[in-house]
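Asks: need coordinates for the following:
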Amino acid sequence: MGTATAGCGPLGDLAGPRWEGTVDTAANGVTLVRNPATPVLDSGAVHLERLWSDPVDPELLDAPVWEAGPALSVSDSSVYLLDRTGGRVRVFRAADGTPHGGWPTSAPGGRDSLFTLVSVPGRVVVGAHRELEVFPSDGSDVHRIRTEGNVRNLYALDDTSVVTLEMGGGGVGWGRYGVTDSVGRAYVPGEVRSRIAPDVMDVDCWKMDGGGGHFLIQACTRPVIMVLGEDGKMTTEIGIDRPADTASATQLDTLRALVRAKTAASDSKLPRRVLDGLVEREARRQRVAHLYRGVRYDSASGLYAVLEQVPDFLGGSGPSRLHLLTRGGVFLATVPLPSRVEAYDVAGGTLYALLESGKSPGPLLAAYRIDLPRKVHGRSDWWEWPEKRKGDR
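Replies: Next comes the predicted model:
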């Protein structure tokens, strides 16, 4: 290991809470940020101030348990939602949630043709089978970009380009595509393609995002964020010292029933012995619960946000929580959420989320300002990129 950084930083105890984590360098050059299990801020120190919430079409949550649900992205003072069933992009004002139009995608509606959506300033990008549909932010035109593999996920790398996670004959890889230039025109630059490094792929399960010019991978069973460069190699790993959770017997029984029903529906002639084997193999894979369901990076506030909640295939019961970390990897706080999250984004220090609601006829689209204590912003060392913090005591 290299130099370890720990403790209070230059402001000392006068700044309030202390961070008891460390910043090390691994033998392979990766920066390792380790956090204790408890965040630096006490429970209740960070508030989610609701700015607005409005019911939206129940059809947005009409997705089978095993399939991806709606996608949500925020830019240009708008919230963009992909309605996969209806084949539409729906638009809402970020300031108050007022519906602000929308448009149909070129791909036919249906969950087998549309997968995901992301927005960057001036552009909204929809991912389909082997194609990106690039729209101006008002949906008035479309520019198509062919991809090598099936686009399964899509992320904004920066303000001008997006990253695709593609499945193809060569396995899993990604491509970088420019979707806007200085005057807002869509274009395809020299494409940068990469395979994900094998050591990064050797995790139980993962979710991805992009931001700040980096790729982000978050492990499903542990609160770990891996930051990668464009070459697919890890530069930084940020972790919280918490053990993985084991799924309960009830949760695994729920999983078995879902797997059995789905498999039998797709192949009714499958021998019982084979079906039982498939069910138990999936139950073994899910014994360590996949509780960490996504990561977002907000360049405006310098926050990472990690969603924790029990997935639908394990019954979906239990609390939903958001873990907040600084750009420097400091585990700030865990914030309870009002209900289950179906899709979310964090932009400008605000959480935008599509939430389940037991009271309204459909889900709620809501916005919450993330209210951090002033003393946190005073800790400038916590907000520096981890590689710059090494050696600072």
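Asks: now do stretch 256-266: everything it contacts.
Replies: Residues from elsewhere that reach stretch 256-266 (Cβ atoms under 8 Å, 6 or more residues apart in numbering): 65-66, 270, 275, 278-280, 282-283, 313. All C-beta atoms are positioned from the backbone trio N, CA, C, and that covers glycine.
Asks: make it 6 Å
Replies: Identification of contacts with stretch 256-266 by Cβ atoms under 6 Å, 6 or more residues apart in numbering yields 65, 275, 278-279, 282-283, 313.
Asks: from the chain's centre, how far out does that stretch sit?
Replies: 27 Å (Cα atoms, centre = their mean, to the nearest Å).
Asks: check which residues of it are buried.
Replies: Within stretch 256-266, the residues scored as buried using 16 or more other Cβ atoms under 10 Å are 256, 258-259, 263.
Asks: wait, which of these is closest to residue 40?
Replies: Residue 40 has its nearest neighbour among the buried residues of stretch 256-266 in residue 258, at 38.8 Å by Cβ to Cβ.
Asks: which SS class is that closest one?
Replies: Three-state call for residue 258 (DSSP: H, G, I helix; E, B strand; the rest coil): helix.
Asks: try the one 10 residues further on
Replies: Under the three-state scheme (three-state DSSP), residue 268 adopts coil.
Asks: what about it, neighbour count?
Replies: Here the number of neighbours of residue 268 (other Cβ atoms under 10 Å) works out to 7.
Asks: how's this protein carved up into domains?
Replies: 5-242+295-389, 247-287 (automatic domain parsing).
Asks: any idea which of those domains scores lowest on pLDDT?
Replies: The minimum mean pLDDT among the domains of the chain belongs to domain 5-242+295-389 (a mean of 80).
Asks: where's that one relative to the chain centroid, distance-wise?
Replies: Counting by Cα atoms, centre = their mean, domain 5-242+295-389 is centred 4 Å from the centre of its parent chain.
Asks: for residue 369, give me its contacts.
Replies: Taking Cβ under 6 Å, 6+ apart as the test, what residue 369 contacts is 49, 51, 350.
Asks: can you pick the most crowded of the residues you listed?
Replies: residue 350 (19 neighbours).
Asks: any idea how far residue 36 is from that residue?
Replies: Taking Cβ to Cβ, to the nearest Å as the measure, residue 350 falls 28 Å from residue 36.
Asks: over to residue 177?
Replies: In this view, residue 177 and residue 36 are 40 Å apart by Cβ to Cβ.
Asks: which of these two has more neighbours?
Replies: Under the criterion of other Cβ under 10 Å, the comparison of residue 177 against residue 36 puts residue 177 first, with 22 against 14.
Asks: now do the SS call for residue 304.
Replies: Applying three-state DSSP: residue 304 is strand.
Asks: residues contacting stretch 31-51, please?
Replies: Against stretch 31-51 from outside (Cβ under 6 Å, 6+ apart): 17, 19-24, 26, 236-242, 329, 331-335, 367-369, 371-373, 386-387.
Asks: thinking again about what came up before, show me which pair in the contacts of stretch 256-266 is furthest apart.
Replies: In the contacts of stretch 256-266, two members sit farther apart than any others by Cβ to Cβ. They are 65 and 275, at 18.0 Å.
Asks: now residue 137: closest residue in space, sequence neighbours ignored.
Replies: Spatial nearest neighbour of residue 137, excluding adjacent residues (Cβ to Cβ, 6 or more residues apart in numbering): residue 76 at 4.8 Å.
Asks: what ranges do the strands span in the stretch 1-150 of the chain?
Replies: Secondary structure of the stretch 1-150 of the chain (DSSP state E, counting those that start in this stretch): strands at 5-7, 19-25, 31-35, 47-55, 71-75, 78-83, 88-93, 99-104, 114-120, 123-128, 131-136, 143-146, 150-156.
Asks: CA atoms only for the fourth one, dumped as CSV, please.
Replies: The C-alpha coordinates for strand 47-55 follow below in CSV (Å, rounded to 0.1, in the frame of the first residue of the first chain):
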residue,chain,number,x,y,z
HIS,A,47,-32.9,16.7,5.1
LEU,A,48,-34.8,16.0,1.9
GLU,A,49,-37.0,19.1,1.4
ARG,A,50,-39.9,18.3,-0.9
LEU,A,51,-40.2,20.9,-3.7
TRP,A,52,-43.1,19.3,-5.6
SER,A,53,-44.8,15.9,-6.3
ASP,A,54,-47.4,15.0,-8.9
PRO,A,55,-49.1,11.8,-9.9
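Asks: give me the buried positions along it.
Replies: By 16+ other Cβ under 10 Å, the buried positions in strand 47-55 come out as 48, 51-53.
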